[in-house]
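1. Return a 3D structure for these sequence lines:
(3 chains)
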Amino acid sequence: MENMNKKEYQRYAEQRVPKPTFLKNNTMAFVVGGVICVLGQFIRNWLVENGLDDKAVAAGTAIILVFLGALLTGLGVYDKIGKVGGAGSLVPITGFSNAVVSPAMEFKTEGLIFGVAAKMFVIAGPVLVYGVGGSIIVGILHLLLKKG
Amino acid sequence: MEFIKAFLVGGLICLIGQVILDNTKLTPAHILVIFLTAGVVLGGIGVYEPIVKFGGAGATVPIVGFGYSLSQGAIEGAKAKGVIGAFTGGITAAAGGIGAAILFGYVMALVFKPKTKS
Amino acid sequence: MQTVKFQNPPSIVSTYTIVGPKEGEGPLKDYFDLILEDDMWGQESFEKAESKIQEEAIKSALSNGNLANNDIDYLISGDLLNQIITSSYTARQLSIPFYGLYGACSTMTEALSLGAMLVDGGFAKKVICATSSHFSSAERQFRFPLEYGSQRNFSSQWTVTGAGATVLSADGNGPYVTYATTGKIVDMGIKDATNMGAAMAPAAMDTLISHFNDTGYSPADYDLIISGDLGIIGKSIVIDLMQKEGFDLSEKFTDCGVEIFDHKNQDTHAGGSGCACAATVFNGYIYKEVLKGSFSRVLLIATGALHSTTINQQGESIPGIAHAVTIDINKG
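-> Numbers count the residues shown, from 1 in each chain, chains lettered A, B, ... in the order given. So this is what the prediction gives:
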């Protein structure tokens, strides 16, 4: 290895990795993501027809999609969708559900407190930290800018 | 028509996620955080609202929409109740999804066992 | 000198291999002694299942050789899990004096090297060397939960579920362990834990070159040179860069991780990995082919990536290691 320094080796090794199948991955992400959103649109319309107000429709759609994501995770189907769909099943809220449910299931062997409950947000926790934290900052900035 | 719009907008947002995944070393957890934070910021500056109007569920179902509803909730809370509202508004707006994830996550963990990938 | 030449080469007198269902559908399926239908094997957790797999592999290797636990002076074993719990909890059941090793996926040859030294040095009549790994226990420790819907990239490898055990004895009719080359850690700065083949390849090359220089053997003196779990990418790197160092490996060299799965049809991407990768391929395929006479001298060079997720998240790169042992039908 004397004739190659670390930088050169890293570049060399990088070139040896086959590139992802971009066209297939992108197409599948687009289709799977699109289909999940269409499903969301159906749920929304159904809730609207049932006379729910805007806020209840938004919350209801989220709850139903989270349930579906959780159920498909439990049945061992969502990871197979994820393998094909990639970001298409990761980015919709069903992917958030998958990120919560899969560690909860996995760590049941370590008990209901340190396992299921403590590990539930091991992947999705950062989402809540940045989401909730960020929203509070947005709210406060809104107050400051309005006054200023 | 609204279904086609939902499909196109939702598909496009996911496509952006896939392009980032395939071309960088970022993990799925990074993508979730980046997209959610993007939703909070875009919602905060009012850019995401037209996308929601156009795309419907195509804009609200992706995690970006989750961020959007968090920031909208915080702004509404701030308008109604000041600083306290800024703290409670976001999480109130997102409470349905979060509550569902906690409850269903727990129930699924009780009912199902993870299976080895094949 | 990094290489030990054994004065009284220990003989391999018995082996045993157990693999999971997926490995049992691979190209080497006929070489494994037991193929599990269920990788939980009736246990409550993947960790407990892995322990049972290792324990049964050790017990069966002993009974294959008509040996009892108290015929064995040392048990030398290791695995991938934190605090090598698989090996310790297996040793708990066996009451054999126990040395636990952590060499990640290089553990099989690390155990064989040390076991052969104990026997050749006269400190033991018989030792048993064993390692195991389990896809699902490794996934949850190093990667994502099983039901998480992520995509694996093309450089990632598939942890082999299984265990292999080897009994070394001061007397026996071979095949013999004639040389052991202990690897140095080589770290070329690869940080991508989904590309371990590239992280370990420089360590494999370093050990190979030392081995050839120390022993005077050349690749032509071997019927087979086989690395542990470099996978498709690591294997191609070693062949390419060894050529530049003046060693032509292209005819003789392959990798246990490349051989154990049919990577096109089994969707294992860059190949198999894990302690059990080298352990099952060596104790199954290589040992049985040596007995049949297909190979008379084999260099087994198991490779390990000695990182953890914690240190990786702190931005450190992946240290690689590779230990080589020569398996010969003659005493050398």
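2. Nearest to chain C: which residue in chain A?
-> A:Gly82 (1.9 Å; Cβ to the nearest Cβ). (C-beta placed from N, C-alpha, C; glycine too.)
3. Hmm, that residue is touching C:Gln151, no?
-> Yes: judged on Cβ atoms under 8 Å, A:Gly82 makes contact with C:Gln151 at a distance of 6.9 Å.
4. which of the two has more neighbours?
-> Taking neighbours as other Cβ atoms under 10 Å in any protein chain shown, A:Gly82 and C:Gln151 compare with A:Gly82 leading, 27 against 21.
5. give me the element the nearest residue to A:Ala87 once chain neighbours are set aside is part of.
-> Nearest non-adjacent residue to A:Ala87, counting by Cβ to Cβ, 6 or more residues apart in numbering or on different chains: B:Gly17, 3.2 Å away. According to DSSP states H and E, B:Gly17 maps onto helix B:2-23.
6. Next secondary structure after that helix?
-> Under the assignment DSSP H and E, the closest C-terminal helix or strand after helix B:2-23 is helix B:28-44.
7. so does that following helix get close to chain C?
-> Yes: Helix B:28-44 lies within reach of chain C by Cβ under 8 Å from any Cβ of the partner chain, at B:Pro28.
8. just how off-centre is that helix within its chain?
-> Between the centre of helix B:28-44 and the centre of its chain there are 8 Å (Cα atoms, centre = their mean, to the nearest Å).
9. what's downstream of it, the next helix or strand?
-> For helix B:28-44, the succeeding helix or strand toward the C-terminus, using DSSP H and E, is helix B:48-55.
10. report the angle between the axes of that next one and helix B:2-23?
-> 120 degrees (axes from the mean of the first three to the mean of the last three Cα atoms, to 10 degrees).
11. buried ones in helix B:48-55?
-> For helix B:48-55, a neighbour-count test (16 or more other Cβ atoms under 10 Å in any protein chain shown) marks B:Tyr48, B:Ile51, B:Val52, B:Gly55 as buried.
12. Closest to chain A out of those residues?
-> Nearest to chain A, judged by Cβ to the nearest Cβ, of those is B:Gly55 at 7.8 Å.
13. Next, the angle helix B:28-44 makes with the helix holding B:Gly17.
-> Going by the same axes, to 10 degrees, helix B:2-23 makes 130 degrees with helix B:28-44.
14. how much distance is there from helix B:2-23 to the middle of the chain?
-> Its chain's average C-alpha position is 13 Å from that of helix B:2-23, according to Cα atoms, centre = their mean.
15. tell me the pLDDT at the residue most central in space within chain C?
-> By Cα atoms, centre = their mean, the mean C-alpha position of chain C lies nearest to C:Ala278, the distance being 2.9 Å. Per-residue pLDDT puts C:Ala278 at 97.
16. For it, give its distance to chain A.
-> The gap separating C:Ala278 from chain A is 21 Å, by Cβ to the nearest Cβ, to the nearest Å.
17. And for C:Asn8?
-> Distance, C:Asn8 to chain A, using Cβ to the nearest Cβ: 35 Å.
18. Any chance of the backbone angles for the spatially closest residue to that residue that is not a sequence neighbour?
-> Of all residues not flanking C:Asn8 in the chain, C:Asp120 sits nearest, at 5.4 Å (Cβ to Cβ, 6+ apart). Dihedral pair for C:Asp120: phi -60, psi -30, per degrees, to the nearest 10.
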